[in-house]
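Q: sharing a sequence plus its predicted fold:
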Amino acid sequence: MTSRRTLSVLKQMPELRDGVSRQTVRDIVADKIASLIASGILQVGDALPSERDLAAAFQVSRETVRGGIQILAARGVIEVWQGARTRVVSADVAPLASGLREPRLINSYDLDSIHAARLLVERQVVADAAERMDAATLAKLDASLAEQRAALDEPVRFLICDREFHLSIYKSCGNPVLGDFVSDLYSYMMEHRRVAVSKPGSIQKSFDDHVLIVEGLRARDPAAVVAAFDIHLDRIYTTTRSLLVADDRVSQHEAAG
């Protein structure tokens, strides 16, 4: 019985490959935006960055971004009004955000466990990425840095660029399983990251970390990249922990009141 099932799956492989290949760039952009909503970077009521800014962050054309937005608008996730900002109106993106596991699951873990996991796995992933780094990905990261520099006063726009920046590095490690796993760890408590990067000077510090990371990747120096990521991960841990502690104090105060 098992062998028959295996043969059946093998016979379907051409169709499965064709189904994947038929996904257009517009579909991919729609999936990216849906993942931003699923992770909490974009929230219900938020206005989307401009088509130009999204095109620059995703490194696609404005027409492609417009097509991706139209897909989400047709599904009732985004509302487009002529002469007004396009806004997120629903967080129900489960069928769309295929590149992201359920955020509530990753958020159910405690911060120290997530931080320990990132230190254990992400160090190896970025070290491997440094050794495998190619010119095309470096060019993409350089373009991302330019967009990040332009978004130093726009937390949501910066986080969109930040996500693309990190995922590009993770995908370069050569192991898609580890790359996907670290991508999930990256999405931890993203709503708190929105608050953290809104604080004065926070975006600049993250941007400076990214510059050091790219310098290490350009030199194909795993040790330098790991060292830069250690600083970056510690910054994320510290700022997220401070926000969680503040949340606990508010909860305790409300319970006592």
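A: All right, it came through fine. Just so it is clear, the model here is predicted, and its values are computed rather than measured. Numbering: from 1, shown residues only.
Q: remind me which helix or strand the most centrally placed residue in the chain belongs to.
A: Nearest to the mean C-alpha position of the chain, by CA atoms, centre = their mean, lies R163 at 3.2 Å. When secondary structure is defined by DSSP states H and E, R163 falls within helix 155-171.
Q: show me what that helix is in contact with.
A: Contacts of helix 155-171 with the rest of the structure, by CB atoms under 8 Å, 6 or more residues apart in numbering, involve 32, 36, 39, 41-42, 46, 49, 53-54, 57-59, 125-126, 129, 137, 140-141, 144-145, 147-148, 151-152, 178-179, 182-183, 186, 190, 193-194, 197-198, 203, 206-207, 210, 213, 217. In this view, the C-beta of every residue, glycine as well, is placed from N, C-alpha and C.
Q: and the angle for whatever helix or strand I203 lives in with helix 155-171?
A: In this structure, I203 is located in helix 202-218 according to DSSP H and E. Orientation check (axes from the mean of the first three to the mean of the last three CA atoms, to 10 degrees): helix 202-218 against helix 155-171 gives 20 degrees.
Q: quick one: buried residues of stretch 169-188?
A: Buried positions in stretch 169-188, judged by neighbour count with 16 or more other CB atoms under 10 Å: 169-173, 175, 178-179, 181-188.
Q: what segments of this protein are strands?
A: 78-79, 87-88 (DSSP state E).
Q: quick one: average pLDDT of the first one?
A: Taken as a whole, strand 78-79 has a mean pLDDT of 95.
Q: quick check: which ranges of the stretch 151-257 of the chain have low pLDDT?
A: Applying pLDDT under 70 to the stretch 151-257 of the chain flags residues 250-257.
Q: what's the closest of the buried residues of stretch 169-188 to V80?
A: Nearest to V80 out of the buried residues of stretch 169-188 is S187 (CB to CB; 26.2 Å).
Q: with adjacent residues omitted, what lies nearest to the closest one?
A: The shortest distance from S187 to any non-neighbouring residue, by CB to CB, 6 or more residues apart in numbering, is to S39 (4.6 Å).
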